[in-house]
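Novice: this is the structure alone, sequence omitted:
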């Protein structure tokens, strides 16, 4: 167990390092780490220039994982993915590939603009993503690839691409940062460039494999208890956003992975923590950005009472400010701060940690509204 706990600490350190390096990227960071620990394929959707490739590359450096990268187009051929034909063997009458440096020998793969690939590449990827094998001629080749990331600037609507899209059950939708966040983005961006060449591994593939096996064993050993805890949450979620039976079954793994990357040890995991984690990872199961509001409605119904109160106070303050009712808006923000203070004093460390993203976002909004009030005076 000591080795497992050390692995948890190392993965937590990677989570913290990535969050320190990338500006407002916590959703994407949590998503790729959860996918790696649960050995799941993950799709990053967003416009060019939103650091999707850089994030996966940085993860590969922090874990010392052998990674494979290709930007796919309709002209990309199989040799670029599977490796070139061995000419020496071909002269002997044998058709064999050189798999070194191909996706087959990689532990982590990022396929950029994945939905632009040719039909030959797409057919090859389907078996790789689902079965971790490729069919090369009459050969079935097992791949070493542990996790595959796809990136794209769109969600495909072509029927022939739906099977590939479904092979990425976990997804995140990235946007450009807001104009008012440009200063912080510039600072983080230049710090990121400086740090990249100096990065050293904080964990290894051994840590990832050990934690994956541990959580699989945990779910197997506690299936009935976990099902009682998570079934109501999952059932409520699918009322908002339908997901496949296969994906529903994997939610316990995703939830447990989320707890691990935040540093929680097996003996610290409680039913409440597992439930909150399941609600959080459900965000990665939406099909497109239009479903984000559906997810938020679902998450809101399960949010702790104190956070709901703060959210309502912030909404009221915004409405009052828009109508230039400054004093009442200020009062709402004071109440919101007081409620936030009570959370910090009453909540245990684990619950606070699980809702840290929401808490930080609410505090940021409160501060911006307070600044607007100051400017009005």
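Specialist: Ah, there it is. Here the structure is a predicted model, which is why all the values come from computation and not from measurement.
Novice: how about the residue nearest to residue 33 when sequence neighbours are not counted, what does it touch?
Specialist: What sits nearest to residue 33 in space, not counting adjacent residues and going by Cβ to Cβ, 6 or more residues apart in numbering, is residue 261, at 4.5 Å. All C-beta spots, glycine's among them, are computed from the backbone N, C-alpha and C. Shown in contact with residue 261 (Cβ atoms under 8 Å, 6 or more residues apart in numbering): 11-12, 14-15, 30, 33-34, 37.
Novice: do a quick rundown of the helices in the stretch 51-200 of the chain.
Specialist: 52-63, 78-82, 87-91, 119-131, 162-166, 182-196 (DSSP state H, counting those that start in this stretch).
Novice: mind listing what's buried along the second one?
Specialist: What it means is helix 78-82. 78, 80-82 (16 or more other Cβ atoms under 10 Å).
Novice: and the furthest pair within these?
Specialist: Using Cβ to Cβ, the buried residues of helix 78-82 span at most 8.1 Å, a distance reached by 80 and 82.
Novice: picking that back up, filter the contacts of residue 261 down to just the buried residues.
Specialist: Among the contacts of residue 261, those classed as buried by 16+ other Cβ under 10 Å are 11-12, 14-15, 30, 33-34, 37.
Novice: tell me the one among those nearest to residue 182.
Specialist: residue 30 (24.1 Å).
Novice: just to be sure, residue 28 is in a helix?
Specialist: Yes - according to DSSP: H, G, I helix; E, B strand; the rest coil, residue 28 belongs to a helix.
Novice: helices - which of the contacts of residue 261 land there?
Specialist: Using DSSP state H, the subset of the contacts of residue 261 located in helices is 11-12, 14-15, 30, 33-34, 37.
Novice: tell me who's in contact with residue 119.
Specialist: By Cβ under 8 Å, 6+ apart, the neighbours of residue 119 are residue 160.
Novice: and the gap between it and residue 161?
Specialist: 10 Å (Cβ to Cβ, to the nearest Å).
Novice: likewise for residue 350?
Specialist: From residue 350 to residue 161 the distance is 41 Å (Cβ to Cβ).
Novice: what of residue 290?
Specialist: Distance from residue 290 to residue 161, by Cβ to Cβ: 18 Å.
Novice: what about those two, which has more around it?
Specialist: Neighbours around residue 290 and residue 161, counted as other Cβ atoms under 10 Å, are more numerous at residue 161. The numbers are 17 against 10.
Novice: cool, thanks, talk later.
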